[in-house]
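Novice: Pasted the sequence and its predicted model underneath.
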Amino acid sequence: MRQVGLLFYALYCAILFIITLPFATLAVALLAIPANAAARRRIWAFLHGWARFYLALTLRSVQHLNAPAQHNDYCVVVLNHQSYLDSIVIFPAVPGYFRPLGKKEMARIPLFGFIYKQITLLVDRSSSHSRARSMKLMVRALRKEGHIAIFPEGTFNETGDPMLPFYDGAFRLAIDAQSPILPVLMPDTNDRWHGVKLWKMSPGRNRVLYLPLVLTAGLSQKDLPALREKVRTMMVDAMQNLKTASSLP
């Protein structure tokens with residue numbers, strides 16, 4: 001009986017998303033005029049509200065376990081990645097306006113792709129020119145516009161390990177801009193919407209945990225490997241603790 005209920009729940013979530021997507025696309029198209037930094041902030045504010053609305057209607061509330069550390073500069077926000085729901089939970093999870101780094105191929109998806117590319121900094125990982133150009137744009141955005149949000153695993157973690165190995169990009173950016181890194185964990189999104197079995201959804205909480213800021217002032221690119229592994233170790237240890245806590249009676 002529970003399985004039947006979850007099947008209907010998944011159908012409800014899908015229908016709600018499909019129904020609201022055209023309206024969201026139209027709203028973003030209107031807000032994107034003219035195409036500038038102010039327009040991106042308007043779009044972010046709209047998507048932030050839509051994300052909270054969708055999560056509330058699907059009974060997948062966000063529970064902040066603590067408050068993020070405060071800093072005068074914008075941060076490189078690094079988050080774990082395990083579900084399509086991450087792209088929705090990220091809005092209430094990241095503290096303040098941000099621009100995400102995203103895959104160029106995601107912009108090709110009808111309707112969703114239009115919304116995606118309005119605020120996302122797109123990168124083609126197969127092109128060294130695209131990666132270099134994206135890095136320059138991210139440094140500029142980080143210094144003048146807002147946080148940059150990156151999934152350093154690069155793709156969904158479908159393994160039994162707490163996290164995949166991290167790519168260098170987030171840490172190269174933080175060092176180039178001399179900006180702090182804010183690690184953020186979203187441990188429950190895969191339980192709410194499975195990253196592989198797309199029909200496998202369930203209501204429930206989405207916890208968000210902020211880890212201590214990692215400062216990069218004075219670091220150079222030779223410090224990148226140590227910085228990357230330091231942040232990953234922090235996130236792996238915290239993720240294991242969260243998973244253990246959720247399994248306790």
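Specialist: Perfect, thanks for sending it.
Novice: CA atoms for contacts and neighbours, from now on please.
Specialist: Will do.
Novice: To what extent is residue 54 buried, counted in neighbours?
Specialist: For residue 54, the count of nearby residues is 18 (other Cα atoms under 10 Å).
Novice: Look up which helix or strand it falls in, please.
Specialist: In the assignment (DSSP states H and E), residue 54 maps to helix 37-57.
Novice: Would you mind listing the buried residues in that helix?
Specialist: 39-41, 43-44, 47-48, 50-52, 54-55 (16 or more other Cα atoms under 10 Å).
Novice: could you dump those residues to JSON lines with pLDDT and distance to residue 131?
Specialist: Supplementary listing: the buried residues of helix 37-57 in JSON lines, determined by pLDDT from 0 to 100; distance: Cα to Cα, whole Å:
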{"residue": "39", "pLDDT": "88", "distance to residue 131": "25"}
{"residue": "40", "pLDDT": "89", "distance to residue 131": "22"}
{"residue": "41", "pLDDT": "92", "distance to residue 131": "24"}
{"residue": "43", "pLDDT": "90", "distance to residue 131": "25"}
{"residue": "44", "pLDDT": "94", "distance to residue 131": "24"}
{"residue": "47", "pLDDT": "92", "distance to residue 131": "26"}
{"residue": "48", "pLDDT": "95", "distance to residue 131": "27"}
{"residue": "50", "pLDDT": "94", "distance to residue 131": "30"}
{"residue": "51", "pLDDT": "94", "distance to residue 131": "29"}
{"residue": "52", "pLDDT": "95", "distance to residue 131": "32"}
{"residue": "54", "pLDDT": "95", "distance to residue 131": "33"}
{"residue": "55", "pLDDT": "96", "distance to residue 131": "33"}
